[in-house]
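Undergrad: from the sequence below, what's the structure:
(chains A, B and C)
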Amino acid sequence: MNPAVVEQLRKIAGRDAVLDRPEDLMLYEYDAGIRKSTPGAVVFPQTTNQVSQIMRLASSAQVPVVARGAGTGLSGGAISREGGIVVAFSRMNRILEIDVENQRAVVQPGVVNLQLSEHVSHLGLYFAPDPSSQKACTIGGNVAENSGGPHTLMYGVTVNHVTGVEVVMPSGEVVHFGGKAAESYGYDMTGFFVGSEGTIGITTAITVKLLRKPEKVATLLAIFETVDDAGQTVSAITAAGITPAALEMLDGWTLRTIEAYCHAGYPLDAGAVLLIELDGLRESVEEHAEAVQAVCLQQKAREVRRAKTEEERALLWKGRKTAFGALGRVSPSYYTQDGVVPRSKIPATLAHIGEVSKKYDLIIGNIFHAGDGNLHPLILFDIRFPDQLERALAASKDILEYCIAVGGSITGEHGVGMEKRDLMPVLFTQEDLDVMAGLRNAFNSENLLNPDKLLPTPRMCREIFGAARNPVLVQEGM
Amino acid sequence: MSTATTTRFGAELRAICGAANVVDDPALLRGRQVLGVVPSTVVTPASADEAAAVLRVANENGLSVVPAGGFTAQNMGRKPAQVDVLLSTSRLRELEHYDAADLTIGVGAGWTVADLAAKVAADNLFFPGDPALPERATVGGLLATGFCGPHRQGYGGLRDYCIGIRFVTGDGHKAKGGGRVVKNVAGYDMMKLLIGSYGTLGVITSASFKLFPAPRQTRTFIAEFPGAAEAFQFRNQVLRSPLDPICLELVSPGARQLLHGFGSDGPWLVLLRAAGSDPVLARYRAELGSAVARELEGINEREAWRALSNFSHTVEERCPQSLLLSLQLPLREVGPILQQLATVSASLKHAVIGRFGAGHLLVALWQPSGSTVQAKAFADAIAGLRHRLPIDASIAVLSCPPEVRADIAWIATPTHVESMRVVKKVLDPNDTLNHGRFLF
Amino acid sequence: MDSPRGRIYQMVQVDEGRLALSDSFVTHIDRCLGCMNCMTACPSGVPYASLLERARWQIEENYPRPWLGRKLRQHFYAKVLPSFSRLGRHAKLVRFYQRSGLQSLARGTGMLQLLGVAELDALAPRIESDFSFRHLGEVFPAEGTRRGRVALLIGCVGSVAFAELNRATVRVLTKNGIDVHIPKAQSCCGALHLHGGHLEMARVLARQNIDAMLSPEFDAIVTNAAGCGSVMKEYAALLEDDAKYAHRAMQFVAKARDINEYLAGVGLVEPKRKLSQRVTYADPCHLAHAQGIRKAPRELLKAIGAELVEMPRPDTCCGSAGVYNVVQNELSMKILDEKMGYVASVSPQILATANVGCMLQFKAGMKRKGINTRVAHVVELLDEAY
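TA: Below is the predicted model:
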């Protein structure tokens, strides 16, 4: 990185707010996915004005800018692919306002997701989007990737909970979209901005909805002999007219791995379980809990357990939410996907994943948001062996293509990032992508904001399926 | 552009859509006026491809295009200078996908909302979109206007349950956003841009929606209050309670006069609609207590909600000289603004309904019978409202007397207008669509 | 700018030779509180504490620290801490240093930081004038029906700085029918050595304590210091390659108990007085994260009639973290201020905790905030109830 730019960054944000030594930069070369690329400098702004000045500097110096929250993303969204400046938001982590009457909070992007819920818990409120990384991930990152979580089934992804954003545009101009009202007239720029993966602007303040905590929560664990039975049950529950708050599936292999860590009482000999949560008014929760139990038993569940205490419930969720991490116990690396299929296609898709596992000779665990058909096949491999990586990438591509073929999508909540952009042309036509690129180019004309993310470059289009055969991509930019 | 010039393109348009689907006989066009402007041609493409070809012709030749569905919301916006092509979506009737087990459906933009609702109701599913005149209002029009009715309270807005959209840009490119699955973050969220864009960014050709299980039984509890303040207090009580009504609707005394079946006058009403089994409804009864004056069920209940959904149409029909505003407010602002309506519109009568638990109000203002329309009174009322509301409240005018049409600000929004202009420039670079009618 | 994830990544890079044992690495490792909150959170079971110890050991072995500071560190870790008589003499010097006004001069001018001896200053809280070393070797018999017999680790720093707490511990135990032995040959638990990167010295101390306190006559080996307790429970890992001591270390670990854990386990006898005050409890990291003890102290407080209110995030570090509050003073104070905000949000009459380091830090926090809510160890409150 040009030392003059680094010096400017120090002038803007403070001497202790810029990193440029290689040993420090290497800490910003990764996220929770499998790709790496080292930035040229990392800056930690403390104010919107500083972000604006950084943008101006980057534009005039023609240096790429990538915003970063906690680096828990799985698609490479926060990795600076082309060198350049990483704008890290860990010092913009204040909750600016809690507005109980309007059921809104205004937060800086560096606020950790779970901290907001903890902060308003005594008011009986919470922030609904609950990615599994919610203990660490930031709301700014959630906005960029339009993150979801288990409770997305009932409550929607991040965009359904953001009503306003303050955005710094590439010119450095600070603009506002929306506000505290649930919707605003004019084009819904807020909705468009959420999930734009840092390619339109960088948000510096976010207005989010705070929901009232439900009066009653019931958490059920339905145990099945086979993955197929569990898959059939998902549709049967919704067919019974019930929308659970969350409906998660874990296959037997994954269960056993998690249980070794969290001791939640997951059955070790099951083929699969469904973790089902119902919330709302006491009377309707009780009714639905009984109905769900009946449906599960009809669908050949061996047993349906219900968490009796808050501790039991927390433990069941701890197992689910830390599942990815728990796999670290059995495999040096894993690659997870985020495909989505229509609910009715879940059993067939799981069968296909089973075949993929055999075909590529890799263990694939399944733990996912079954209620909305959002799969997270966890492909285990050892990154130290290039052929394993290659097989993992190929298996993953195979699964995603299947998802698309049955009418689904390549990402339900992780974002496209640098990881899946090469599959975008399978999901969208060139014309669709041109329209999206037109929008990106209009806001981000020099392609300095998170370059080469979300949309394929023309060059990449030609190489659509070449990527998986190119192990170099794991250490990009180094 | 004269009719003669348009006719020059008639051949091209006929080649695209077939002769039967291009109408340029003035005698037949009079019935399709847009704010008094007779279109030169009405074109009815049968597919997104045809619609794209029509728009390419229009875009290349500088023709102005107004997309139209069921003609239930064309009273909005400024009067267009001319309408070269009225692009009707009525033949976009494809059923793209539907599997009851997936709780999703994808339909062409020309489907009426009533047809869509009936289609899924057969499988005990529910589509929560509830515009006025659902038998005429189309899915495309519903999305383009971003209209929300009473079910906004319990099911969210279109931005929450529209999961995919296909559209044609002003310069004739087919594009899409989202897809068929309920959870999908691949690519830019084009649904958000198109919903509520009033046909200025593209012609919506089809869309996919998340569906909901149909409630097995519902009940409507009606509470009466002497004033807006008490009704607002009741709302806050409901919002703080564990109750989760599917509708929570405010009806002002003025609105009762306009609506069918709400008595001709009387106190403020709040209608709370709950779904659930007997024990659930019993719980509502217990929580709401003595506030509830009476309950509605069955046909009476359905009629009441139908009347509320139709409010905007009823206002236009019974009070054609009225100004109809739609307000999106932060929750706290609803109470104060209701109390101030009398002062901001001292010389006007007013009627208000709205899903006020979600911050959405419809306000009709009209002059007492006998007096002539005074544009200033309306302009003052809007300015007064604007002045009393915080910057992040937004206002849209849904209809107004012709006398004030030219001078009105159609949309007031907290969102950065220049950014919206950037979007418009990309998707409709030559101002082909609804030119000059709304913001741009 | 710091996270366990980043530190582990750096450790891996050092290991792979991509990163030198540089200032950056040392700074990040030095900045770690060692609170082990990350281990509680970690689903993969990454043994962060031992990775950290290993990194610190590598730094001590290979990274040149300022000379005077290094000499003093070596002297302190190798000579003063292990020897209770030296510690006594040292404490007298420290008392002189504190009273003479030299302390405020040195702290005020930042001289200590400059010399690299700031840690030593931090290790010397206000020294209470009476020491409990003289009780070494004594036995305090149970009152009433005898329900158990324990060996008490009086701790090195604790024994000079918090003599009164040790006395309270003895009183609470004996009033609850427990014989309390204070074995004479016990030494420092080794926590400071282990966390400071002096592994070998830590092993020497561990062996010394096993010899002194592992005996069939004791039901448990008890400490009132969370840091000591967590290290005592690590003895088995520390000595796993020691053929002679590995097995005995396991037996030792099986008997090691924090005072809260022990008392909650045997159950309290009916207290004489009820503590009818609003109390909030701050989990010490070395109790909650290192030992997983969260319920016991809360149960004890409730048992003596406290009205327990939970603050938000009770188990985040207060920033004390051994010597952290001095070596990383600025960061430590940031962490403290945040924590004090949580405390203030529930407006307690008493802030209870179960570790002396945290108590000191909280007292400093109260001063910074200008409030005088009482800060007390759970054992102190129990003592007052009997």
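
Undergrad: can you tell me the helix or strand for the nearest residue to B:Tyr284 once chain neighbours are set aside?
TA: The shortest distance from B:Tyr284 to any residue other than its chain neighbours is 4.7 Å, reached at B:Ala274 (Cβ to Cβ, 6 or more residues apart in numbering or on different chains). From N, CA and C alone the C-beta is placed, and that goes for glycine too. When elements are assigned from DSSP states H and E, B:Ala274 belongs to strand B:268-275.

Undergrad: contacting residues around C:Ile293?
TA: C:258, C:260-261, C:287 (Cβ atoms under 8 Å, 6 or more residues apart in numbering or on different chains).

Undergrad: so of these, which ones are in helices?
TA: C:260-261, C:287 (DSSP state H).

Undergrad: for those, which one is nearest A:Gly83?
TA: C:Leu287 (45.3 Å; Cβ to Cβ).

Undergrad: give me every residue that touches the nearest residue to that closest one once chain neighbours are set aside.
TA: Sequence neighbours aside, C:Ala226 is the residue nearest to C:Leu287 in space, at 4.1 Å (criterion: Cβ to Cβ, 6+ apart). Each residue near C:Ala226 by Cβ under 8 Å, 6+ apart is listed here: C:258, C:284-287, C:290-291, C:354-355, C:358.

Undergrad: 10 Å instead?
TA: Shown in contact with C:Ala226 (Cβ atoms under 10 Å, 6 or more residues apart in numbering or on different chains): C:191, C:258-260, C:283-291, C:293, C:297, C:353-358.

Undergrad: C:Ala142 too?
TA: C:148-149, C:173-180.

Undergrad: what does B:Ala228 give?
TA: B:250, B:252-253, B:268, B:334-342, B:352, B:356.

Undergrad: ok, which pair from those is furthest apart?
TA: Greatest spacing in these, by Cβ to Cβ: B:Pro253 and B:Pro336 (18.5 Å).

Undergrad: the more surrounded of those two?
TA: Shown here are B:Pro253 and B:Pro336; by other Cβ atoms under 10 Å in any protein chain shown, B:Pro253 has more neighbours (19 against 14).

Undergrad: tell me the pLDDT of the closest residue to C:Ile29 other than its chain neighbours.
TA: In this structure, C:Ile29 finds its nearest non-sequential neighbour in C:Ala55, 5.2 Å apart by Cβ to Cβ, 6+ apart. pLDDT, C:Ala55: 86.

Undergrad: in three-state terms, label C:Ala55 for me.
TA: helix (DSSP: H, G, I helix; E, B strand; the rest coil).

Undergrad: and it, how close does it get to C:Arg203?
TA: Applying Cβ to Cβ, to the nearest Å, the value for C:Ala55 to C:Arg203 is 18 Å.

Undergrad: what about these two, which has more around it?
TA: Between C:Ala55 and C:Arg203, counting by other Cβ under 10 Å, C:Ala55 is the more crowded of the two (23 against 20).

Undergrad: residues in contact with the more buried one?
TA: Counting by Cβ under 10 Å, 6+ apart, C:Ala55 has contacts C:7-8, C:10-11, C:14-15, C:21, C:25-26, C:28-29, C:32, C:197.

Undergrad: just give the closest residue to whichever residue of the stretch 151-300 of chain C sits closest to chain A, not the sequence neighbours.
TA: Taking Cβ to the nearest Cβ, chain A has its nearest neighbour within the stretch 151-300 of chain C at C:Lys295, 10.4 Å off. Among residues not flanking C:Lys295 along the chain, C:Ala264 sits closest, at 7.2 Å (Cβ to Cβ, 6+ apart).

Undergrad: where in chain B is pLDDT low?
TA: The model of chain B has pLDDT under 70 over residues B:1-7.

Undergrad: tell me the contacts of B:Ala207?
TA: B:Ala207 neighbours (Cβ under 10 Å, 6+ apart): B:96, B:105-109, B:111, B:116, B:139-140, B:142-143, B:158, B:162-167, B:176-178, B:191, B:194-195.

Undergrad: and it, that's in a strand?
TA: Yes: counting by three-state DSSP, B:Ala207 is found in a strand.

Undergrad: may I have the beta-bridge partners of the residue nearest to it when sequence neighbours are not counted?
TA: Distances taken as Cβ to Cβ, 6+ apart put B:Ile165 closest to B:Ala207, at 4.8 Å, once the chain neighbours are dropped. Assessed by DSSP bridges, B:Ile165 has beta-bridge partners B:Gly177, B:Ala207.

Undergrad: same thing with B:Ala275?
TA: Under the criterion used (DSSP bridges), B:Ala275 bridges to B:Thr218.

Undergrad: next, count neighbours for it.
TA: Residues within reach of B:Ala275, counting by other Cβ under 10 Å, total 21.

Undergrad: tell me who's in contact with it.
TA: Here B:Ala275 is in contact with A:284, B:126, B:154, B:213-219, B:244-247, B:281, B:284 (Cβ under 10 Å, 6+ apart).

Undergrad: now these: which count as buried?
TA: With burial judged by 16 or more other Cβ atoms under 10 Å in any protein chain shown, the buried subset of these is A:284, B:126, B:154, B:213-215, B:218-219, B:244-247, B:281, B:284.

Undergrad: and the residues you listed as CSV, adding secondary structure?
TA: Shown next, in CSV, are the buried ones among the contacts of B:Ala275 (three-state DSSP):
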residue, secondary structure
A:Ser284, helix
B:Phe126, strand
B:Gly154, helix
B:Pro213, strand
B:Ala214, coil
B:Pro215, coil
B:Thr218, strand
B:Arg219, strand
B:Asp244, coil
B:Pro245, coil
B:Ile246, coil
B:Cys247, strand
B:Leu281, helix
B:Tyr284, helix
